[in-house]
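In: 3D, please:
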Amino acid sequence: MAGVLAIDPSYDLTTQYGEAFRWRLVFNNFQAQYPGHLLLDLKQIQACRKDIHNVVSNGSVDYISAMGHGDYELFTGHNGSIIWHTLSGLSNLNGKIVHLLSCKAGAVLGREMVKNGAKAFWGYTTDFGFVHQSSPPNYLYNDKTAEIFFHMDLIIDRGILAGKDSHAIYSSIEMYFGNVYPKLKTTLSKAVLLGNYMHLVCPATTWGDPKAVL
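Out: Predicted structure coming up:
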């Protein structure tokens, strides 16, 4: 059994969209879909450095899946508070698989996480983008425009939780992109999805052990 930590600060529209799709498509029915794993979740105000590091440090977490804002050297939680920085907070990641759905954190922070013992890292070296409806629906997961972009990222969570290695997961992402991209109707949507696809980094390249699985 693997311990899975889901982190969702959900304090602005971007992180609220992320939480909506992550929970609708992956974590909401977690016990039924992944009975071999134990889910721990830290949402909103609990998505802070103190609470996250307390959970990660107790040794029961094998996989960290987090949505938040990021920059090249850092990842943030509730209200933009820093959770991980290249200069601090990386000592308790040994042996863990990490997936950060955020902008830029894959460029430097992801490599540093691996250097500090993380088994594998998934993330983006530049901005993660998505297009949404001009008037977001009351339930954000009903936004079919935005779902296209989050769905591609959530292939990572689904694959890891199903015990797949990075090559198998990346192949699924390639297939998804190949099927969806030609059907997009606007230049903006095509550019954003292509940007996410081109700037995704993972253990299948150099961000950790390509054979790392739960």
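In: What is the burial count for Leu13?
Out: Leu13 has 11 neighbouring residues, counting by other Cβ atoms under 10 Å. For the C-beta atoms, the positions are set from N, CA and C on the backbone; glycine is no exception.
In: Go ahead and confirm it touches Pro136.
Out: Yes. Judged on Cβ atoms under 8 Å, Leu13 makes contact with Pro136 at a distance of 7.1 Å.
In: Am I right that Arg111 is in a helix?
Out: Yes. Applying DSSP: H, G, I helix; E, B strand; the rest coil, one finds Arg111 inside a helix.
In: So what's the predicted local confidence for the closest residue to it other than its chain neighbours?
Out: Take Arg111 and drop its neighbours on the chain: the residue closest to it by Cβ to Cβ, 6 or more residues apart in numbering is Trp207, 6.7 Å away. Looking at Trp207, its pLDDT stands at 86.
In: next one: Arg24
Out: 97.
In: and Glu73, how far is that from Leu90?
Out: 11 Å (Cβ to Cβ, to the nearest Å).
In: shared neighbours of the two, anything?
Out: Counting by Cβ atoms under 8 Å, 6 or more residues apart in numbering, the contacts common to Glu73 and Leu90 are Glu112.
In: Return the set of buried residues in the helix or strand harbouring Tyr176.
Out: Applying DSSP states H and E as the criterion places Tyr176 in helix 166-180. By neighbour count with 16 or more other Cβ atoms under 10 Å, helix 166-180 contains the buried residues Ser166, Ile169, Tyr170, Ser172, Ile173, Tyr176, Phe177, Val180.
In: next one: stretch 92-108
Out: 92-93, 96-107.
In: Repeat that for stretch 142-152.
Out: Those would be Asp143, Thr145, Ala146, Glu147, Ile148, Phe149, Phe150, Met152, for stretch 142-152 by 16+ other Cβ under 10 Å.
In: which ones are touching the third one?
Out: Contacts of Ala146 were listed using Cβ under 8 Å, 6+ apart, and they are Tyr17, Phe21, Phe130, Val131, His132, Gln133, Leu140.
In: Same check on the last one?
Out: With contacts taken as Cβ under 8 Å, 6+ apart, Met152 has the following neighbours: Ile173, Tyr176, Phe177, Val180, Leu193, Asn196, Tyr197.
In: swap in the second one?
Out: Contacts were defined as Cβ under 8 Å, 6+ apart; by that measure Thr145 touches Val131, His132, Gln133, Ser189.
In: Also the fifth one?
Out: Remark: with contacts taken as Cβ under 8 Å, 6+ apart, Ile148 is in contact with Phe130, Val131, Val180, Leu184, Ser189, Leu193.
In: From those residues, which land in helices?
Out: Taking DSSP state H, the ones among the contacts of Ile148 that sit in helices are Val180, Ser189, Leu193.
In: Would you tell me which one of those residues comes nearest to Gly68?
Out: Leu193 (20.8 Å; Cβ to Cβ).
In: okay, now that closest one: neighbour count?
Out: 21.
In: hang on, it packs against Phe149?
Out: Yes. The pair Leu193 / Phe149 is scored as a contact, 6.2 Å apart, by Cβ under 8 Å.
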